[in-house]
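>>> show me how the following folds:
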Amino acid sequence: MDSPRKAKKANVNREPKHSQNQSSRPPQKDAYARLLSQHRSSKFSLYLEQYAKDSSSQREDNGPSPQLKAQSDRVSIPARQRDQVFNDFSDSSDFSPSSVKSKGGESSLSLYMEKLNTRNVQQDCERRQGVFDGQRRGQRRDTATSHDGDVESGEELGSLKPNDAKKHQKQQRKNKDSNRDVVSKEVDQPGGRLQSPKKSKKKNLPKHPEDEKIREGTSKCGVDVQMLSPKPPHGRDKNIKTVCFSASNANSPADKGKNKGGRGSKKQVFDAYMTSEEVSHGLKRGELIQDDTRDIFLDGIVARNRALNGDIVVVQVLPREQWKVVRSDTDCEGASESDTPTVQTAAKKTKSTPSSAVSVEEQCSDRDEQNNKYQNISGSINTLVTVVYIVEKKHSRAATGFLKHLPDKPFALFSPVDHRVPRINVPLADCPEDFSSRPGDYKNTLFICRITDWAADSNFAEGRLAKSLGQAGEIEPETEGILIEYEVDFSEFSDEVLDCLPKNLPWTIPPEEMRKRRDLRNECIFTIDPATARDLDDALSCKQLPDGNFEVGVHIADVSYFVEEGNSLDVIASQRATSVYLVQKVIPMLPRLLCEELCSLNPLVDRLTFSVIWTLTPEGKILNEWFGRSIIRSCVKLSYDHAQSMIEAPEKMFSAEELPPVDPMHPIDEVHQAVLNLHTIAKNLRAQRFLGGALRLDQLKLSFALDKETMMPQGCYIYQYRDSNKLVEEFMLLANIATANHIYRKFPELALLRRHPPPKAKMMDELQELCDQLGIKIDLTSAGLLHKSLNTAFGDDEYTSARKEVLTHMCSRPMQMALYFCTGVVKEEQNFKHYALNVPLYTHFTSPIRRYADIIVHRLLHVYLYTHEHVIALSEKISVEKQASHCNDKKALSKKVQELSSELFFGVFVKESGPLDSEAMVMGVLDQSFDVLVLRYGVQKRIYCKSITGLDAFRHRKVGKKSELTLLWTAESPEDPPVEQVISVFTLVEVQLKSDDAPLKYSAVLKRPEDSAS
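Residues are numbered from 1 along each chain as shown. As a prediction, this is how the structure comes out:
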């Protein structure tokens, strides 16, 4: 097996600065370099040589010389077809059509020969300036996300002269395998191929935006956007796709530099969008995408055509010969763990029907719903498409980032932190007054910028600065940036909204309202919530009946009483759609007077509720059910810790000092016994649920201990999901299922339900194949069998739970996200099903303080219970579906913001307390990196082989779906052999978490294994 160092030595004249550690996709040569390096015909090489010798004298003439014509005849190239030489003599699968299109009407061959003649003169200049040939693309100078070799070095053929064609051809044949060792890291032999982890020296790139605009190439992005399009339910159009991007290539060097010709000449970078009429006709004629059962692929920023992450777009399928295979083990060096692309599809928007979206959301944190996560798995031919129309700009067009001063320019360059967003030119008038004279003062200042325009002839968007946030790396500025970027409304509620709240405080329940409701104030009712919770929207009750059965109640805050449909309060609540939970605070959906006072089921005060009360057997069988509006008076506010203590000590007599204040009407023992009874019933309900085929995918969640004054993290721990959590979850699920059946029975065309589509079949098949190869016995044919498999012991040592966590993560990848929908829009009832819960109907009823969807359900339930006639108008159906779609979007954004907040605080913790050592277990292996689960903190990180200190080389090996990396560590003494370490799924390693130079970012550093363990 050849070492990478030997391979490089053999090619030293061709690649003096070539990176030793490329991405899994080989770096793309420009079209002309491929023409010379790939074609092996000696006649054609002679033809090129002769053309090069004569080109200078013939440059002003329209036709070729007689000698050239004769040479052309000898190689059978008709004069009229010479412009097609590029297409005839190159591998069509290896070039981007945009490279040909961008040349206008000029002959590709003529341009090539002219370029070949002048290459020697240009190459030295290019090396100094870092500018590639006119058809090559540049690398972002302000980001470190693209160092996987996807940017061509520009030197591969830099020393090749026209009269060296024969020599080059001979050398090419001789060194064919050696060349590919260096250039292509994607081809893996059975034993793997050694690769050096050392980085190549970065080239100096131009620092002026105009210089950026004249750089172009035909290399593909190192990380391509993949869109796995789910088959929509019946009744849903299938024409419109949603763009979802990986972080490293939205401004990929492979896509830059479409503007050529200098400052005075601008050419199209992007295609003009189709008109709505053209889109309509194209869809009817089948020229645009007609189904979303295929895997489709947006190859770079040009194909995305100015669409941003989440936008709903129409795409056009490119010719089949341009489709490509995307390997599932391609190393996405620029992408972080959270940057895995996600997908949604949407129905075609027309005048008569609303736009319906099937979105993919990540794992939800609701205690009354299953957790699900979706990530792409690919490895087959993907349909190559390009965006031709943006239906809806779902991306906020806002970004946090930094300003860069451009001398002698009337604008500054804004570089977003999120590299999926383009760089933006902003007018100097928006910048601080002294920015031009003292730009260094703002080097670490975080700004918010909004895109206002992105012209088709520019790689750069135009925008306006919204505000200066403060210093990067500080929690509050970073948090504010996250909220603005993800369109979370954290402004104070307006006076118009507050005017909708009760004026007479303290508020009391009107006597006429009391007469309409069932009075439950004398019942033993209590809440169980996190210790810090202030928006208490659910309470429980349980009393034993003389016949041995139980009367169990779930009591939910009656928010709809205070939020009148159509008023200003209702409008702002529907817009916010959800409360957003950050580590240090909550951004409420409703004013705090409602969230924390009037609606919150605080102890020892009368509150309005919607209740569902069952008569249950001890085994959990429902004998009777009652729904209605009620009044309760909670006797105590228990935390999960309090309830857990009661469950774990059933015989203990708790004192008043051990619990929060309890209503004297209900002794502590009565509360304790109610908790124990609920726990017993919940265990039976849970067992029945999983026997009936339900699934739960629990993943580790990080929690923080904060300083009460500074709100800085003082410690962190993995949140424990215990019996007290499960108790509450079971009765919330029971209430939601019961409510779904009630409102669907009354409103089969208007009910707001929540469905969970089954996982992607193709991805599940790939996962099954991988598990079979790993020797893991797992059944993925149904939710219930999957749950049973996951609860089978994976070993009998201390790492059993860690293996289960890794396998749970692998199983979560094919899962889709649950979605709100209107039953009148999704026609087939079989598509209503909730896969994870394995129930035909499900909705959200139990959290109206923090979810607007629950308020809609409460209103429907009220009509069901108290109104005999209700005629459904089409406008109502459209309104419910539109709000359902909006709730889906806001829920996904809220989840992302919550994750970013946790990452932010953990970054602070690592910076203040690190470096942190921990064991980690490998979760996935790529060809140049691997992902680990850090067991002590529950975080996932990617480790790149080339960044590992002390590593001599590494090799990748893949058989079927199983990937394996072998790391060769430098021996401690020259006479010893290298230390070998094998990395595969479930491998246990030692890592150290260390802060990066970037504000609040951290990396996982692999520790050297002990020689005795190797």
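>>> and the next element down the chain from the worst-scoring helix or strand of the chain on mean pLDDT?
Using mean pLDDT, DSSP states H and E, the weakest-scoring helix or strand in the chain turns out to be strand 357-358, at a mean of 28. Moving toward the C-terminus from strand 357-358, the next helix or strand (DSSP states H and E) is strand 381-392.
>>> if you count neighbours, what's buried in that following strand?
By neighbour count on 16 or more other Cβ atoms under 10 Å, the buried set for strand 381-392 is Asn382, Thr383, Leu384, Val385, Thr386, Val387, Val388, Tyr389, Ile390, Val391, Glu392. Every residue, glycine included, has its C-beta placed from N, CA and C.
>>> then stretch 613-633?
Ile613, Trp614, Thr615, Leu616, Gly620, Phe627, Gly628, Arg629, Ser630, Ile631, Ile632, Arg633.
>>> JSON lines for those residues, including distance to Thr966, secondary structure and pLDDT?
Below are the buried residues of stretch 613-633 laid out as JSON lines (distance: Cβ to Cβ, whole Å; DSSP: H, G, I helix; E, B strand; the rest coil; pLDDT from 0 to 100):
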{"residue": "Ile613", "distance to Thr966": "63", "secondary structure": "strand", "pLDDT": "98"}
{"residue": "Trp614", "distance to Thr966": "59", "secondary structure": "strand", "pLDDT": "97"}
{"residue": "Thr615", "distance to Thr966": "63", "secondary structure": "strand", "pLDDT": "97"}
{"residue": "Leu616", "distance to Thr966": "58", "secondary structure": "strand", "pLDDT": "96"}
{"residue": "Gly620", "distance to Thr966": "53", "secondary structure": "coil", "pLDDT": "93"}
{"residue": "Phe627", "distance to Thr966": "62", "secondary structure": "strand", "pLDDT": "96"}
{"residue": "Gly628", "distance to Thr966": "66", "secondary structure": "strand", "pLDDT": "95"}
{"residue": "Arg629", "distance to Thr966": "66", "secondary structure": "strand", "pLDDT": "96"}
{"residue": "Ser630", "distance to Thr966": "66", "secondary structure": "strand", "pLDDT": "97"}
{"residue": "Ile631", "distance to Thr966": "68", "secondary structure": "strand", "pLDDT": "97"}
{"residue": "Ile632", "distance to Thr966": "64", "secondary structure": "strand", "pLDDT": "97"}
{"residue": "Arg633", "distance to Thr966": "67", "secondary structure": "strand", "pLDDT": "97"}
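>>> of those, just say which sits nearest to Arg859.
Using Cβ to Cβ, Arg629 is the member of these that lies nearest Arg859, at 12.1 Å.
>>> what's opposite the closest one in the beta bridge?
Under DSSP bridges, the beta-bridge partners of Arg629 are Phe610.
>>> equivalent analysis for the one 10 residues further on, please.
Beta-bridge pairing of Ser639, defined through DSSP bridges, involves Asp529.
>>> distance of Val863 relative to Leu750?
Per Cβ to Cβ, to the nearest Å, Val863 is found 9 Å from Leu750.
>>> and these two? which has more neighbours close in?
When Val863 is set against Leu750 and neighbours are counted by other Cβ atoms under 10 Å, the residue ahead is Leu750, at 22 against 16.
>>> for the more buried one, helix, strand, or coil?
Following DSSP: H, G, I helix; E, B strand; the rest coil, Leu750 is assigned to coil.
>>> so it versus His742, what's the distance?
According to Cβ to Cβ, Leu750 and His742 sit 13 Å apart.
>>> quick check: closest non-adjacent residue to Trp507.
Leu598 (5.7 Å; Cβ to Cβ, 6 or more residues apart in numbering).
>>> do the same with Val559
Pro848 (3.9 Å).
>>> my guess is the one you found contacts Ala573. True?
No - counting by Cβ atoms under 8 Å, Pro848 stays clear of Ala573, with 9.7 Å between them.
>>> need the overlap of contacts for these two.
Applying Cβ atoms under 8 Å, 6 or more residues apart in numbering, one finds that Pro848 and Ala573 are jointly contacted by Ile855.
>>> could you check which of those two has the larger neighbour count?
Pro848 (29 against 24).
>>> who's in contact with that one?
Asp537, Ile556, Ala557, Asp558, Val559, Ser560, Cys599, Asp854, Ile855, His858.
>>> could I get the phi/psi values of it?
The phi and psi values for Pro848, taken as degrees, to the nearest 10, are phi -70, psi -20.
>>> one step back: save the buried residues of strand 381-392 as CSV, and put in distance to Lys746 and pLDDT too.
Output for those, formatted as CSV (distance: Cβ to Cβ, whole Å; pLDDT from 0 to 100):
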residue, distance to Lys746, pLDDT
Asn382, 45, 62
Thr383, 43, 67
Leu384, 48, 79
Val385, 43, 84
Thr386, 47, 88
Val387, 42, 91
Val388, 43, 92
Tyr389, 40, 92
Ile390, 39, 92
Val391, 34, 89
Glu392, 32, 88
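>>> can you tell me which of these lies closest to Pro915?
Once Cβ to Cβ is applied, the member of those that ends up nearest Pro915 is Asn382, at 40.3 Å.
>>> any idea of the mean pLDDT in stretch 951-963?
For stretch 951-963, mean pLDDT is 91.
>>> assumed His742 was part of a strand.
No - counting by three-state DSSP, His742 is located in no strand; its state is helix.
>>> what is the neighbour count of it?
22.
>>> do the same with Ser963
Around Ser963 there are 21 residues (other Cβ under 10 Å).
>>> kindly report the same for Asp797.
8.
>>> next, it: secondary structure please.
Strictly by three-state DSSP, Asp797 counts as coil.
>>> ok, Val554 next?
strand.
>>> surely it touches Leu733?
No - in this structure Val554 lies outside contact range of Leu733 using Cβ under 8 Å: 10.1 Å.
>>> quickly name whichever of the buried residues of strand 381-392 is closest to Tyr1002.
Closest to Tyr1002, out of all of the buried residues of strand 381-392 and judged by Cβ to Cβ, is Asn382, at 33.4 Å.
>>> what's downstream of the helix of greatest length in the chain, the next helix or strand?
Looking across the chain with DSSP state H, the single longest helix is helix 874-913. The element immediately downstream of helix 874-913 (helix or strand, assigned by DSSP H and E) is strand 916-925.
>>> give me the buried positions along that following strand.
Buried residues in strand 916-925, counted by 16+ other Cβ under 10 Å: Leu916, Ser918, Glu919, Ala920, Met921, Val922, Met923, Gly924, Val925.
>>> tell me what that strand is packed against?
helix 800-812, strand 929-934, strand 962-969, strand 988-995 (3 or more Cβ pairs under 8 Å, 6 or more residues apart in numbering; DSSP states H and E).
>>> list the contacts of it.
For strand 916-925, contacts defined as Cβ under 8 Å, 6+ apart pick out 329, 799, 802-803, 805-806, 809-810, 910, 930-937, 940-941, 963-965, 983-993, 1004, 1007.
>>> pLDDT of it, averaged?
On average, the pLDDT along strand 916-925 is 95.
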